[in-house]
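Peer 1: Sequence plus the predicted model coming up.
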Amino acid sequence: MRQHTKKRRNLLQNIAIVLLTVSAVALFVQMQIYNLHSETGYLSGLLSSGSAQKTQSISGLSDLAMPVRIAVTGAYGRWASPFLTTESEEFLQPGNLLMEALGSAGSLKKCSAEDFQSALRSTTNYDGSIYYDFDSALPLSLLAGLVNADWTGGDLSARRLLLQAEEDKVRLFIWDGGDVFSICSTALTAKSLKETVTEYPLGSAWFAFDQPEKYSHVDPFSLFSEQLTTPSSLSVSSAITDASGLMSGLAFNPHTNSRYTEPSGAEVALEGDRTLRIRPDGEISYQGGSGTLQIDCVGETPTEAEAVVGAYRLLGDLLPSQNDASLYLQELQSSETSTTLRFGYQYNGLPIRFADRASAAEITLEGPVIARLTLRVRQYTTGERAHLLLPLAQALSIARRYPGKELAIYYVDSGGSASAQWLAE
């Protein structure tokens, strides 16, 4: 009887071992398949030694922080802030006025640089204006989206916008930063604009065209202020500590056998017709065409807003989770077959320039598919002390070597650190 019981127990143990083995094998295969096909890389997430990826909360254009310079002008002077973003608290009221103006813009008419400049000239009977400079020319529909406005005035690029009160109306001036100037009426009341202007301490800022005897060698729209505070210095790191996390973010299997290191130190991963190269200096490049990596869109081809938001989300997931700087859109170019977006870094509204003047990131879309991507991975951390800014008089003297260029303050990334400097661009 004991022998029979022992045989029965052994049989049940063997059956249990077989079932557990089969279950383990099935689970392992399922996890491998999921890891190969999931863009998030479930298995790589379990095994990665790097930090967790940053969770993005970008739902639309209004969530993006675009650097913007503001100048408020009244009858007795100007106020300016060259270090704002569209998410800054100080931008809320000027941003709301811009939203109302763009949403109610009338028919566009052509105007000139002289008209734009004349609308900014302060006189004793000047009714007030607010000037917006977004650093680079972008489709006006995208700029409108930043302030939750709908632009229905057609395809138009803009870098600088101006709201100017005249009698009981407010005019909207639009300038692409080049040769295209436009003007239109708005439903914004002159009273609401004047009330906003009176809230600012006017008299501490000026444009170069206000004092041509001193500033004729720089761009007339170079904006200066007596109330500048020296921006904090930034420490810079370009080391990539989580190559596997980058691969997962670009829908690669980080445990693939098709991964090797070049003599230059760059890590290369191959997957079908897709190639990812991660260089030791923190630059990555991606090429693909299989459709594996795509952005979300409603139709077959993403809208400009969908392209921007989708690219921004992807790039944000590839950057270090702890980063005091953020990306912003510098340029968007579209053709019948592709869309190319270029991004830069900004810190507290101050753009960060590289010595070679190249962009921080560039993405080319073919439909919703990401065909090419380059990214300079940078982690910017606020320093304890500010780097002394060159006095304006000395900056103006140096700017004589670059006649006609706009003189403004930017961060310059020199490798291990970034400091605020006057640049003529």
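Peer 2: Here it is on my side, so go on.

Peer 1: Next one: A360 relative to F252, how far apart?
Peer 2: For A360, the distance to F252 (C-beta to C-beta, to the nearest Å) stands at 22 Å. Glycine gets a C-beta too; all of them are placed from N, C-alpha and C.

Peer 1: do P391 as well
Peer 2: Here P391 is placed at a distance of 50 Å from F252 (C-beta to C-beta).

Peer 1: Comparing these two, which residue is more hemmed in?
Peer 2: Between P391 and F252, counted using other C-beta atoms under 10 Å, the more crowded position is F252 (27 against 10).

Peer 1: how would you label that one: helix, strand or coil?
Peer 2: With DSSP: H, G, I helix; E, B strand; the rest coil as the basis, F252 sits in coil.

Peer 1: With D273 as the reference, measure out to it.
Peer 2: 13 Å.

Peer 1: One more: L202?
Peer 2: Distance of L202 to D273, given as C-beta to C-beta: 60 Å.

Peer 1: Out of these two, name the residue with the larger neighbour count.
Peer 2: L202 (19 against 11).

Peer 1: Tell me both backbone torsions, phi and psi, for A399.
Peer 2: phi -70, psi -10 (degrees, to the nearest 10).

Peer 1: Hmm, A424 and it touching each other?
Peer 2: Yes - using C-beta atoms under 8 Å, A399 is in contact with A424, at 4.7 Å.

Peer 1: which element is the residue nearest to G416 when sequence neighbours are not counted on?
Peer 2: Leaving aside its sequence neighbours, G416 sits nearest to V236 (C-beta to C-beta, 6 or more residues apart in numbering; 5.8 Å). Taking DSSP states H and E as the definition, V236 sits inside strand 232-237.

Peer 1: Any buried residues in that strand, and which?
Peer 2: 232-234, 236 (16 or more other C-beta atoms under 10 Å).

Peer 1: The closest residue to T261 other than its chain neighbours pairs with what?
Peer 2: The shortest distance from T261 to any non-neighbouring residue, by C-beta to C-beta, 6+ apart, is to E267 (5.5 Å). Under DSSP bridges, the beta-bridge partners of E267 are T261, I278.

Peer 1: Relative to E384, how far out is the most centrally placed residue in the chain?
Peer 2: Nearest residue to the geometric centre of the chain (C-alpha atoms, centre = their mean): Y328, 1.2 Å. Counting by C-beta to C-beta, the gap from Y328 to E384 is 25 Å.

Peer 1: Would you check that E304 makes contact with A144?
Peer 2: No - in this structure E304 lies outside contact range of A144 using C-beta under 8 Å: 11.1 Å.

Peer 1: any idea which element the nearest residue to L61 once chain neighbours are set aside lies in?
Peer 2: Closest residue to L61 apart from its sequence neighbours, by C-beta to C-beta, 6+ apart: G145 at 3.3 Å. Using DSSP H and E, G145 falls within helix 140-146.

Peer 1: Against which helices or strands is the following helix or strand past that helix packed?
Peer 2: Beyond helix 140-146 in the direction of the C-terminus, DSSP H and E gives the next helix or strand as strand 157-166. Judged by 3 or more C-beta pairs under 8 Å, 6 or more residues apart in numbering; DSSP states H and E, strand 157-166 is in contact with helix 92-103, strand 129-139, helix 140-146, strand 169-175, helix 190-197.

Peer 1: Against which helices or strands is the fourth one packed?
Peer 2: Put plainly, it is strand 169-175. Packing partners of strand 169-175 (3+ C-beta pairs under 8 Å, 6+ apart): helix 92-103, helix 113-118, strand 157-166, strand 181-189, helix 190-197.

Peer 1: pull the CA atoms of the longest one into CSV?
Peer 2: Provided in CSV are the C-alpha atoms of helix 92-103 (Å, rounded to 0.1, in the frame of the first residue of the first chain):
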residue,chain,number,x,y,z
LEU,A,92,-0.9,84.9,-19.2
GLN,A,93,-2.5,88.3,-19.7
PRO,A,94,-0.7,89.3,-22.9
GLY,A,95,-1.3,85.7,-24.1
ASN,A,96,-5.1,86.1,-23.5
LEU,A,97,-5.2,89.3,-25.5
LEU,A,98,-3.3,87.6,-28.3
MET,A,99,-5.7,84.7,-28.2
GLU,A,100,-8.7,87.1,-28.6
ALA,A,101,-7.0,89.0,-31.4
LEU,A,102,-6.0,85.9,-33.5
GLY,A,103,-9.4,84.3,-33.0
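
Peer 1: which outside residues touch the helix or strand just after it?
Peer 2: Later in the chain than helix 92-103, the nearest helix or strand by DSSP H and E is strand 109-110. If you take C-beta atoms under 8 Å, 6 or more residues apart in numbering as the criterion, strand 109-110 is touched by 181-184.

Peer 1: Need the helices and strands packed on strand 169-175 in a markdown table (columns: mean pLDDT, distance to L332 and mean neighbour count).
Peer 2: Supplementary listing: the helices and strands packed on strand 169-175 in a markdown table, determined by pLDDT from 0 to 100; distance: least, C-beta to C-beta, whole Å; neighbours: other C-beta atoms under 10 Å:
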| stretch | mean pLDDT | distance to L332 | mean neighbour count |
| --- | --- | --- | --- |
| helix 92-103 | 97 | 18 | 20 |
| helix 113-118 | 95 | 23 | 14 |
| strand 157-166 | 96 | 9 | 21 |
| strand 181-189 | 96 | 19 | 18 |
| helix 190-197 | 95 | 30 | 17 |
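
Peer 1: any idea of the mean pLDDT for stretch 334-349?
Peer 2: For stretch 334-349, the mean pLDDT works out to 95.
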